[in-house]
Structures are given as structure tokens and as C-alpha cells.
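Peer 1: need coordinates for the following:
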Amino acid sequence: MNIDDLNPPERAVLQSSLKKDEELLWVGQPKPRLWTVTSGLLFLCGMLSLLGGIGAVIYVQLNEGSNPANKLLLALFCTGLPLVLPVVAAPWIGLRWQRRCVYALTTGRAIIIRYLLGKYHFRDIVDLERQPREHRGHVDGTVSLIMGESNISSTNGRPDPEGFLHLPPDAWQEPEQLLRRMAKTAGAKVKE
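Peer 2: Below is the predicted model of the structure:
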């Protein structure tokens, strides 16, 4: 993949993040995954709420709908419905966000651009001496090149890994080779 393969908004964001003397060596994006742990949990919670609300509406309709308590239950469901729908749509929203993430390697740093909650979050990794710290394969065939810990979110009280996450099966070799070559170069400069 090269910079011209990116969608125009992501291409513009990446180009604006480059420094004047930087040369772009590699560009990539994660393989979008519809079902992640977070989106699956949100979807499940949303569906349970939606099904509970539908059950409440059926209950109200079958049991004397003119009762004030039943009317309140129906009103609560109707006002809460707009809040439940985005939760049910979480996997598809997450999929769209994943398609806007960009990974790049330049002559001096690794750039990670994530799209979350309507804006881009930038992460530069300039310590390339021991990169990648971990090479992790996933069940779906994707590969993550772990370079550190995330500063965006955490799960189970532990920071999430950060790096080039969930690269397609045919797209991880080039950045890993570049990172290892850059690590050797950085190590040689330190020894001089």
C-alpha cells in the first residue's frame, strides 16, 4: 500500500503530519474487523435493552394500556430508543472508524493515526531501537506488530498494546523488516 491508496481525508491527515525532512517508507491500515470485544459487548447490551423495551411495549399493550404506570413504562422505552440504537450499531460504527486508521513508517519514526469519536489521535514512536517489541498473530490471520502501550484506552486494568495492530496477513512482513532494519541502524548510531 502507498499513500495514494488511502482515502483523501486520511491521505491529507497523514501528509499534514509529516515533517519537512521526513521520507515516507511504508503506509498501511488495519484489516477492519466487524466484531471486536468492545463492539460485541456494546451490541449485546444494546440488543438486551432493545428486546427488554419491546417486551415492555408488548406487556403494556396486552395489559390495560391506560394504567399510568404502563404509560410511564412505554414513555421510558420510547425516549430511550434513540440511545439504544447507536449501541446496537456499535460494530458498524467501529468498522468505519477502523477504516480511517493509518499506520506509517518514515525515516525517523513510526506514526499511528487512529480515528476515534470524530477526531484523529496521533501517536509517534521515535524509539525504534528495539522495535517491534512483539509480533502477535491473531485467529483471523491478522498480525500485530506491538511497539508499546496505548494511551487511549485500557481493558482489565492493563493498557492496550499499541503499534501496527491487525495488519492483513499479506501486509505485515514489509513493516516488520523495515522496523528491524531501522532498529539495527539506531543501535549502530548509539554505539558510535
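Peer 1: wait, G46 touches I93, no?
Peer 2: No: contact criterion CB atoms under 8 Å: G46 and I93 do not qualify, at 11.3 Å. (Each C-beta comes from the backbone N, C-alpha and C, glycine too.)
Peer 1: residues touching L76, list them.
Peer 2: A56 (CB atoms under 8 Å, 6 or more residues apart in numbering).
Peer 1: kindly apply the preceding question to I54 instead.
Peer 2: The contact partners of I54, by CB under 8 Å, 6+ apart, come to F77.
Peer 1: and the gap between it and G46?
Peer 2: 12 Å (CB to CB, to the nearest Å).
Peer 1: D160 too?
Peer 2: As judged by CB to CB, D160 and G46 stand 22 Å apart.
Peer 1: the two: which is more packed in?
Peer 2: Neighbour tally, D160 and G46, criterion other CB atoms under 10 Å: the higher count belongs to G46, 19 against 14.
Peer 1: strands of this structure, start to end?
Peer 2: 24-28, 102-106, 110-116, 119-125, 134-137, 143-155, 158-167 (DSSP state E).
Peer 1: dump those to CSV, plus mean pLDDT.
Peer 2: Shown next, in CSV, are the strands of the chain (pLDDT from 0 to 100):
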stretch, mean pLDDT
strand 24-28, 89
strand 102-106, 90
strand 110-116, 85
strand 119-125, 84
strand 134-137, 88
strand 143-155, 76
strand 158-167, 82
